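Engineer: Next come a sequence and a model predicted from it.
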Amino acid sequence: MPIVKTPGLFCRLLCCYFSAYLALPYGVLAQTPFYLTPPSFPSTNTVRVTVADTPTNVAVTVYSTPLLSSNPAWTAVTTGAVGQTVFDLARTTNASSFYRASHEAPGQTLTVATPGLTPGGGSYPLPTNVVITCATEGAAIFFTTNGATPTTADTYLANGDSVSLTCSVTLKARAFKSGFTDSDVASATYTINCPPV
């Protein structure tokens, strides 16, 4: 979410709150995996931006824009080291500056994580249950066993549930989430010793 810096402490805090919750469209907010706390000003020429709830294994980039609109022009201000959460930025001469932080550039769409298949493909002497999971919270998983690429018209499976395979098949799974790019297809071939018919 963005943080706004304007002259006057009360104005800064008030604008910060409203810019975070009202100014940006939901589609932009959904792309930001963490938010900024209200800025502080350690010196007359510095604005300190602190990122909250950021993953410790990513490098965060802070972006700025002087004006919010339906399609603001965000400019990268700085990229921190992996795990860095505090950024001291040069205070701008604009009447206001809006900030956001992300590990994705503004305007890019996040991609759903590729589903995981456990156990993986291989030869099995008996029918096997394969657990399908997706690391993206809220993603919907769909799968096929006929070799076709899964779509949302195929069989749905709740995250962490299993598919029972009784014969040799190629299992494919894909995850989908509104506002995200569809995941890559997870595919594995299972050779199962089917009983004679």
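Structural biologist: Sure thing, it's come through.
Engineer: Show me the helices in this protein, by range?
Structural biologist: 9-18, 26-29 (DSSP state H).
Engineer: shaky segments in this protein?
Structural biologist: The chain contains residues with pLDDT under 70 at 1-34, 54-57, 69-72, 103-109, 194-197.
Engineer: Against S102, how distant is the most centrally placed residue in the chain?
Structural biologist: Closest to where the C-alpha atoms of the chain average out (CA atoms, centre = their mean) is L110, at 5.0 Å. According to CB to CB, to the nearest Å, L110 stands 9 Å off from S102. For glycine as for every other residue, the C-beta is placed from the backbone atoms N, C-alpha and C.
Engineer: Give me the spatial nearest neighbour of the residue nearest to the centre of the chain, chain neighbours excluded.
Structural biologist: In this structure, L110 finds its nearest non-sequential neighbour in F180, 5.2 Å apart by CB to CB, 6 or more residues apart in numbering.
Engineer: if I read this right, the one you found contacts C134, doesn't it?
Structural biologist: No - F180 lies out of contact with C134 (CB atoms under 8 Å); the separation is 11.0 Å.
Engineer: Need the residues touching each of these two.
Structural biologist: Counting by CB atoms under 8 Å, 6 or more residues apart in numbering, the residues touching both F180 and C134 are V112.
Engineer: Who has more neighbours out of these two?
Structural biologist: A count of neighbours by other CB atoms under 10 Å puts C134 above the other of F180 and C134, at 24 against 18.
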